[in-house]
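In: here's my sequence, what's the structure:
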Amino acid sequence: MSESSPDELNSKRKDFICGVVEGFYGRPWTTEQRKDLFQKLKKWGLDMYVYAPKDDYKHRAYWRELYTVEEAEHLTSLISEAKSHGITFCYALSPGLDITYSSQKEITTLKRKLEQVSQFGCTCFSLLFDDIEPEMSEADKQIFQSFAHAQVSVTNEIYQHLGCPRFLLCPTQYCSTRAVPTVNSSEYLNTLGTKLSQEIDIMWTGPKVISKTLTTECIEEITQVLRRPPVIWDNLHANDYDQKRIFLGPYCGRSPELIPLLRGVLSNPNCEYNANMIPIWTLAHWARCSLDAPAHMEAVSWDIKLERESEQGVCEDEVPLTLGKHVYHHRQALRQAINEWLPEFSIPKAAQGPIIKPQPPVIIPIIPILPSVNTCMSLVTGTTSSTTTTSISDLSSIPTVNTSQLQALADVCSATPDRPILSTGVSPIETFNPIPNSVMNSLVSPTKVILNESIPNPIIPIASSNISLPTEIPVSTLPVPIMGLKTIEHEKIETDQTMADKLDLNESVSNDSVLETTSFIEEMKKDKDDDDTIIVDDVEPAIEQQQNGDMSIGDTPQTLSPSRTCAEPLDVDPPSAADPDVVMNDQLSENGSMQVEPSNSPLSADMMVEPVESAEVADELCEDAGLEENALTADDLMLLCDLFYLPFEHGSRGLRLMHDFHWLTAHAASILPKNKTEAGGAATGEWRRRLRRFSWWAARVRRVARRVGAAANRELHAELRPYLWDLCAVLALLQAFLRWLELGKFPPNIATNSQGSYTWFSKGWREAFESGAQEPWVFRGGLTADLRRLLPVECAGDALRPHCAPTGLPLTVRPFMLADEEAVCTICHKTCRDGSDCSDLFPSDLQTLPADRLVAPFLTLTPELCMVIEDDGYMEGDSSEVDGDDPDAEKLDMKINNVKPEIVGYACAALNSKEFYKKQEVAWIPEMCIKYPMELLERDDLSPAAKECVRHFHEFSAQERAPESVSAAHPALLTCCVLRARSDPHAAARLLTCLLAALRAHGVNGVHACINATDHYLQQFYGKLGFVEMSRSNGRVFLARAF
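Out: The predicted structure is shown next:
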């Protein structure tokens, strides 16, 4: 993409500040990253960078300390580099945590610190008083009339002392919801407006900490109060409040017509530097515009329009024909920014290995929303005196939720690997254990951030509330969770060695009912409300007839451009099974008429695609024939951005995945035939077509992850990998569940059994998410979490995101097939000796004994509840490509990386252990008694273990069973074994999750396992999975858990 012309760059208002503020929590950017940013800011026409990394050593926690010679060299080089590119370097300091405003010694210290930075060549400064307790010390109360007067006095004095340079201030009340009691009536804000020097600019985040939109009315209101136009500190793309979200969508929700009303805009973007190309580029493009796209164009889906491109990248109805140079449309800007971002993946850069820092183990009390935690600025909640500006009339249109639901919502949304879901029976205050963040220093190395655990951090998270809780509150007042650190990167990859010493996550074990998996979630307490209705994509009863293969959504007709060379199946069929580039399941051969979504679907507006031949969706037809197979494309990045879009909005492809999965699960019982002899019909064909579409898009996501993994820019890959890995793992879970549904082996009431507690389709969820009425940290986890919550089994992040970086993509889970029996029995044989091979325990003619005892009964009697997990051999950095377009090949003979996928694990279950034992006595044990007669016990070559297995069959009815108290509450029985899979440390956990989802679909919500009393390893192992000991007798321990 060519650089913008000088005329375009100069079209931005001369006195309008526009740039980036590095103002988030977590790992700061490195010196080299900041210098790279300066080059990009100049290239795109931006003019300011604000240095304000909250966790950098001497910015906030140790603001009084002067910089060392080494640190001064780095800071000086940054200031010089910014100047050489025409960028204003603004140095910010945050002294508000512990400064005594009336102390002359403190003021002198502050002056000395800023004087030192001034000597480095800095000519722009900022004081940040955000996220501090708005209470003065006793000494300050004797001197100053109010908190605002204290801050104004110090700021004006510092401003004058430095010679009146360009100066910015971030107030304590920095958004409408933190204004006490309101913006217009705030004594604090009015004092700033009248007393603060008029030459000092004041920063403002908008109506909320993270504002979905900025309107002319809200800007005019704050301008009147502050007596000056604000500088917007824009947190739209900030992600430091959620470890599972990253925002790759365009700058939007702010009309360019606001520019004349503002002093400037500073974007506080993602913690991951390399992920900010699109947020910053689209901000720069926005700043050069003067008008928004017409309202009627905003109503048309650009997700389809921008894909209808010819080889030259334009189509008949694209923007150049309808939009002027200074008209901003966020989807057009996104496409252009993607073209700018794409070359970055090919620039060789070394990766810094991640160190996962734990979140504070805090349970948040459910309270009406207090002054919002500025997730991009603080770990401290506000005081109880603040109120929101929502009017009484507004509340009537906002859904209400009872507080027991909110506690479950908070539990679901805040679970992390190091902070599992806990029961709400424990007092939040009792579980509060604040942990300060580690001290970091980004000014001692050009390419690294130094983590110093030996230096104490005085900043401690604070959370308290003594407010009584009403029985029902509006959705807009949902609680604010305490932030956790984002991933902190370092030179080397470190793992939790203590955990590894306790439990080898890859070790395989097996016994009669052995479960092998990694750390899993404890079952959350469900308090389901009867009003949690599910919104179903039902068939529209009366619609204009569509030809076979057509599908329309909404009533805005769109046609494909005649010049279009390819299409993606956003709303059309994926390639058929006959297409060699996208291999589908053998059973997915039916094709019926597409049913139309109702108009209340979020996707119902403006999407209609004409029928496309199956071959058109193959990637090879969409890409240059000479393009390297494993190279990323602009379409790949468009998909990536749609999956990690914006705080209040999921991209269209992400929504399509959610709606397809929900439709498939909601309609499975009414559409799918219960056995293969029943006729499928058009409805069945429609179900299978949607399954193909879901699988196709899931495969595209997996391919994007693989291509990002093969990119030369390892630094960029390291920043995106955790998010892509999480999403691929969730999609693998959902695909496995759908494949199981396709078998048709489920009860008629599956829709009720498989309904999640709180999902995107629950009453009020989507409306609350998209409204912007609450801060986005209420809905933690983004699209990945929303997809995960669609599973009927709740699972925490530790089942999906590994504690250490995996070397490949998540392995594929699928239902067991008869052709898998030999492989499954082989795995059982390799692991049944406490995780090791048992060949030497059995004679050559009796090698099948352990499998016949442990797993074969499940494969024979309950094959519909057996699942396997496959390893395709893919490792990161492997440049080989899948044979065909779909990397998640569904045929057993499909080869990936020239290697047939290998089954590396299995999980088998029975719905009811008592009935399962009875079935064995009738249909399995007699055959085994014939196969292994008692006479075998007389052989001298039989080991004690072999003899015990033979006796097991002949004395089956006398075997120890789970007591009634266990089997009544946890009726299901399972066995699970997984070989070592270093490319996917949590393969066993996801395999188990899929099986538990199948059990939940049958209405079962408890499972038990039996182990030897002497097996302390397994007791610890199951304990980490949420299992608890229920009974112990005759050398056997029965462990159980609910799900």
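In: tell me what Tyr906 is bridged to.
Out: Taking DSSP bridges as the rule, Tyr906 bridges to Val868, Cys977.
In: repeat that for Phe167.
Out: With DSSP bridges as the rule, Phe167 is bridged to Phe125.
In: so it is in contact with Phe125, correct?
Out: Yes. Between Phe167 and Phe125 a contact is recorded at 5.6 Å, counting by CB atoms under 8 Å. C-beta: built from backbone N, CA, C; applies to glycine.
In: mind listing what the residue nearest to Asn912 when sequence neighbours are not counted touches?
Out: Nearest non-adjacent residue to Asn912, counting by CB to CB, 6 or more residues apart in numbering: Pro971, 4.8 Å away. Pro971 sits next to Leu911, Asn912, Ser913, Lys914, Val1004, Gly1006 when contact means CB atoms under 8 Å, 6 or more residues apart in numbering.
In: cutoff 7 Å now
Out: Shown in contact with Pro971 (CB atoms under 7 Å, 6 or more residues apart in numbering): Leu911, Asn912, Ser913, Val1004, Gly1006.
In: also Lys111?
Out: Here Lys111 is in contact with Ile158, His161 (CB under 7 Å, 6+ apart).
In: redo that, cut-off 8 Å
Out: Counting by CB under 8 Å, 6+ apart, Lys111 has contacts Ile158, His161, Leu162.
In: show me how to select, in ChimeraX, the buried members of the residues you listed.
Out: To isolate in ChimeraX the members of the contacts of Lys111 that are buried, counting by 16 or more other CB atoms under 10 Å, one can use:
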select :158,162
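In: among the contacts of Lys111, which are located in helices?
Out: Ile158, His161 (DSSP state H).
In: what is the nearest of the contacts of Lys111 to Trp281?
Out: Leu162 (33.1 Å; CB to CB).
In: that closest one reaches Val117, doesn't it?
Out: No. Contact criterion CB under 8 Å: Leu162 and Val117 do not qualify, at 9.7 Å.
In: show me the helices in the stretch 801-950 of the chain, by range?
Out: 821-831, 849-854, 856-861, 913-923, 925-931, 944-954 (DSSP state H, counting those that start in this stretch).
In: swap in the stretch 51-200 of the chain?
Out: 69-84, 104-119, 138-141, 147-161, 187-195.
In: send the alpha carbons of the second one over as PDB?
Out: Coordinates of each C-alpha in helix 104-119 appear next as PDB, following Å, rounded to 0.1, in the frame of the first residue of the first chain:
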ATOM      1  CA  GLN A 104       7.100  21.600  49.600                       C
ATOM      2  CA  LYS A 105       9.600  18.700  49.800                       C
ATOM      3  CA  GLU A 106       7.200  16.600  47.600                       C
ATOM      4  CA  ILE A 107       6.800  19.500  45.100                       C
ATOM      5  CA  THR A 108      10.600  19.900  45.000                       C
ATOM      6  CA  THR A 109      11.000  16.200  44.300                       C
ATOM      7  CA  LEU A 110       8.400  16.400  41.500                       C
ATOM      8  CA  LYS A 111      10.200  19.400  40.000                       C
ATOM      9  CA  ARG A 112      13.600  17.700  40.200                       C
ATOM     10  CA  LYS A 113      12.200  14.600  38.400                       C
ATOM     11  CA  LEU A 114      10.600  16.600  35.500                       C
ATOM     12  CA  GLU A 115      13.700  18.900  35.300                       C
ATOM     13  CA  GLN A 116      15.800  15.800  34.700                       C
ATOM     14  CA  VAL A 117      13.600  14.600  31.900                       C
ATOM     15  CA  SER A 118      13.600  18.200  30.500                       C
ATOM     16  CA  GLN A 119      17.400  18.000  30.300                       C
END
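In: what comes up buried for that helix?
Out: Those would be Glu106, Ile107, Thr109, Leu110, Lys113, Leu114, Val117, Ser118, for helix 104-119 by 16+ other CB under 10 Å.
In: thinking again about what came up before, of all the contacts of Pro971, which comes closest to Leu75?
Out: Gly1006 (59.3 Å).
In: name the nearest residue to that closest one, sequence neighbours excluded.
Out: Using CB to CB, 6+ apart, the nearest residue to Gly1006 is His970, at 3.3 Å.
In: could you count how many residues lie near the one you found?
Out: 24 (other CB atoms under 10 Å).
In: now it: how far from Phe956?
Out: 22 Å (CB to CB, to the nearest Å).
In: how about Ala969?
Out: 24 Å.
In: so these two - more neighbours on which side?
Out: Comparing Ala969 with Phe956 by other CB under 10 Å, the one with more neighbours is Phe956, at 17 against 13.
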